[in-house]
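Colleague: How does the following fold in three dimensions:
(one chain, ligands or ions: 1)
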Amino acid sequence: MTATSPIGVFDSGVGGLSVLRDIRNELPGEDLLYVADSLHAPYGDKSPEFIQSRALAITEFLLGQQAKAIVVACNTATSAAAALLRARFSVPIIAMEPAVKPAALSTQTGVVGVLATRGTLSSENFTKLATRFGEHAEILVQPCPGLVEQIETGDLAGEKTKVLLKQYLQPLLDNKTDTIVLGCTHYPFLIPLIREFVGPKVTIIDPAPAVARELHRRLAGANLLSPRLDGASQYFWTSAPVDKTGPIIAQLWGARLKVKSLPVEFC
Ligand code: DGL
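Modeller: Sure, this is the predicted structure:
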């Protein structure tokens, strides 16, 4: 692979499109490959072993498409599989981390809320992060079962999504949280709704722009930045039926696009 090769990005489903969006803004000259593993979403309640096997299969598929770097655009897959991918493959592997550090260092009330899946919140990575920055602020964790499923169906503002979100945000607000960390890449699609519930004074942190900058740095450091400055393309695959997930990908990406089926040997 060379500097003109594409970047591979994947998530348990459509959530990683929130990261892909920031990568597109940060690196307009890079071709992007995106795999939505929607057949197996949500990852949040699956075993680490299952998520590792999915991360390996999808990474192999992306490398087969000549990807020069892999972005694990999923916090749950990062906790379960990023270390394994780094040990197994030599391309740069860029992964997510809930933005607990900037939140803990900037909160005014001293209380930070983290919205994420059960898988992420119970992981060793997260426990270490929360312990480290727990000295600076009280870190309240809030698992959000059901939210990923709502976003996977494209329901960003319906009644069920609103009820779930209110149920998850209220305890944080009752405890003086002034900074909310989005620890799952699906949740940035709910920022308008979250903002409606929490009001203008609460800070909402989406780590995607920082991940896109980190990817930029890593590619530059490895001499893998595309010489092109803009006009690149993006290509989409899903492990779920295309007629089901394709329209949701187009809705969240905000453009008409073609989505292909992930070859069955990678599903
Ligand atoms: N987008 C995901 C994350 O960042 C995956 C959530 C899930 O599939 O449960 O954790």
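Colleague: and the stretch 1-150 of the chain, which residues reach the ligand?
Modeller: Listed as neighbours of the ligand in the stretch 1-150 of the chain under the rule CB under 6 Å from any ligand atom: 11-13, 15, 41-44, 74-76, 117, 120, 148. C-beta coordinates here come from the backbone N, C-alpha and C atoms, glycine included.
Colleague: can you redo these as CSV with pLDDT and neighbour count?
Modeller: Listed next are these as CSV, based on pLDDT from 0 to 100; neighbours: other CB atoms under 10 Å:
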residue, pLDDT, neighbour count
Asp11, 98, 31
Ser12, 97, 33
Gly13, 98, 29
Gly15, 98, 29
Ala41, 95, 25
Pro42, 95, 23
Tyr43, 94, 29
Gly44, 88, 26
Cys74, 98, 34
Asn75, 96, 33
Thr76, 95, 31
Thr117, 93, 27
Thr120, 93, 27
Val148, 95, 24
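Colleague: out of those residues, which are inside strands?
Modeller: Applying DSSP state E to those, the entries found in strands are Asp11.
Colleague: The residues of the stretch 1-150 of the chain next to the ligand into a markdown table, with extra columns for distance to Asp174?
Modeller: Formatted as a markdown table, these follow (distance: CB to CB, whole Å):
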| residue | distance to Asp174 |
| --- | --- |
| Asp11 | 31 |
| Ser12 | 30 |
| Gly13 | 31 |
| Gly15 | 27 |
| Ala41 | 30 |
| Pro42 | 27 |
| Tyr43 | 29 |
| Gly44 | 24 |
| Cys74 | 29 |
| Asn75 | 25 |
| Thr76 | 27 |
| Thr117 | 22 |
| Thr120 | 23 |
| Val148 | 24 |
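Colleague: Inside helices: which ones of the residues of the stretch 1-150 of the chain next to the ligand?
Modeller: In helices, judged by DSSP state H, the following of these are found: 75-76, 120, 148.
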